[in-house]
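**Q** when you get a sec, could you give me coordinates for this:
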Amino acid sequence: MELRDSVALVTGAGRGIGRAVALAFAREGARVALMGLTASHLSAVEKEAGALGARCAVLPGDVSDEGSVARCVAAAEQQLGPIDVLVNNAGVYAHGPVDRLDALVFDHTLAVNLRGPFLMARAVLPGMKSRRRGHVVNVASTAALRGFAGGAAYCASKFGLAGLSQAMLQDVRGSDVRVTCILPSTVATDMALRGDFLKSPATAIRPEDVAQAVVDLIRLDSRVLPVSLELWQTNP
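**A** You can find the predicted model right below:
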């Protein structure tokens, strides 16, 4: 898909991977819908993207809330046009062993990391299928491949997102819509710092690396179906 003049909606666009993806799209000439919880962060990204010549929509909203998702998708399409690309990037991290993990924390992690991508995709897929054009990119993690101590909530959400992506892909087969799940290992973001799992900042994957991978996936010829992509740092 050619990104110039397309419309891309990025969740969690205010910081980290989401910000990097939004700016990568802006450099490609896309119109970018910026969705996230913190309006000030989104506005800062809008200014950066505007300096690159991109038209943006700022959409403060919660991906885990059905009404919020409906309002944000409607506003994005009203301001920018039909959505061609959805990047489900918004995510949270919680750490704790199962026997000491608060159920509310577990529920919130799944609500953002798994329910959110489901709600977002459900909102945009009918239009993509009817136009026979679209690409949904779900940002999971290598935590979707193997569990780790203290990662019960996070791993459950990312394993779920990987499974959701595979089912979603089968749902859209034959409609010229693509679904790809990206599984990065540790990325140097604020979330990684807060979670205390950024052990080697100098060698960690950068948000810009993930953004470049997203752009390259979307550019692939229509004869190629990119199902999943793992991104690992070379020197852990």
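
**Q** can you count the residues close to the nearest residue to Arg115 once chain neighbours are set aside?
**A** Once flanking residues are discounted, Arg115 sits nearest to Ser64: 5.3 Å by CB to CB, 6 or more residues apart in numbering. Yep, even glycine has a C-beta here, placed from its N, CA and C like the rest. Neighbours of Ser64 under the rule other CB atoms under 10 Å: 22.

**Q** model confidence for Ser64, exactly?
**A** Residue-level confidence at Ser64 comes out at 98, pLDDT.

**Q** and for the one 3 residues further on?
**A** Model confidence at Gly67, given as pLDDT, is 98.

**Q** tell me how many other residues crowd it.
**A** Count around Gly67 with other CB under 10 Å applied: 10.

**Q** so what's the backbone phi/psi at it?
**A** When read as degrees, to the nearest 10, the backbone of Gly67 gives phi -70, psi -40.

**Q** what do you get for Val85?
**A** Dihedral angles of Val85 (phi, psi; degrees, to the nearest 10) stand at phi -130, psi 130.

**Q** got the contact list for it?
**A** With contact taken as CB atoms under 8 Å, 6 or more residues apart in numbering, Val85 is in contact with 1, 3, 6-9, 25, 30, 134-137, 218.

**Q** again, only this time at 10 Å
**A** Residues counted as contacts of Val85 (CB atoms under 10 Å, 6 or more residues apart in numbering) are 1, 3, 6-10, 21, 25, 30, 32-33, 124, 128, 133-137, 178, 214-215, 217-218.

**Q** got it, and Arg206?
**A** Contacts for Arg206 (CB under 10 Å, 6+ apart) come out as Ile17, Ala20, Val187, Ala188, Thr189, Gln212, Gln233.

**Q** specify the local secondary structure of the residue nearest to Arg115.
**A** Three-state call for Ser64 (DSSP: H, G, I helix; E, B strand; the rest coil): coil.

**Q** is it true that it touches Gly12?
**A** No. Counting by CB atoms under 10 Å, Ser64 sits too far from Gly12 to count as a contact (11.8 Å).

**Q** joint contacts of the two?
**A** Residues touching both Ser64 and Gly12 by CB under 10 Å, 6+ apart: Ala90, Val92, Val112, Gly116.

**Q** Thr109 - nearest residue in space that isn't next to it in sequence?
**A** Leaving aside its sequence neighbours, Thr109 sits nearest to Ala153 (CB to CB, 6+ apart; 3.9 Å).

**Q** list the buried residues in the helix or strand where that neighbour lies.
**A** Using DSSP states H and E, Ala153 falls within helix 152-172. Residues of helix 152-172 classed as buried by neighbour count (16 or more other CB atoms under 10 Å): 152-162, 164-165, 168-169, 172.

**Q** now do the residue nearest to Arg115 against Gly91, distance only.
**A** According to CB to CB, to the nearest Å, Ser64 stands 11 Å off from Gly91.

**Q** hey, what's in contact with both of these two?
**A** By CB under 10 Å, 6+ apart, Ser64 and Gly91 have these common neighbours: Val112, Asn113, Leu114, Gly116, Pro117.

**Q** what's the burial count for the third one?
**A** As a burial measure, Leu114 scores 23 neighbours (other CB under 10 Å).

**Q** tell me the first helix or strand C-terminal of the strand or helix carrying Ala8.
**A** Using DSSP H and E, Ala8 maps to strand 7-11. Later in the chain than strand 7-11, the nearest helix or strand by DSSP H and E is helix 16-27.

**Q** closest one of the shared contacts of Ser64 and Gly91 to Pro97?
**A** Nearest to Pro97, judged by CB to CB, of these is Asn113 at 18.7 Å.

**Q** picking that back up, surely the residue nearest to Thr109 is in contact with Ala94?
**A** Yes. Applying CB under 10 Å as the test, Ala153 and Ala94 come out as touching, 4.6 Å apart.
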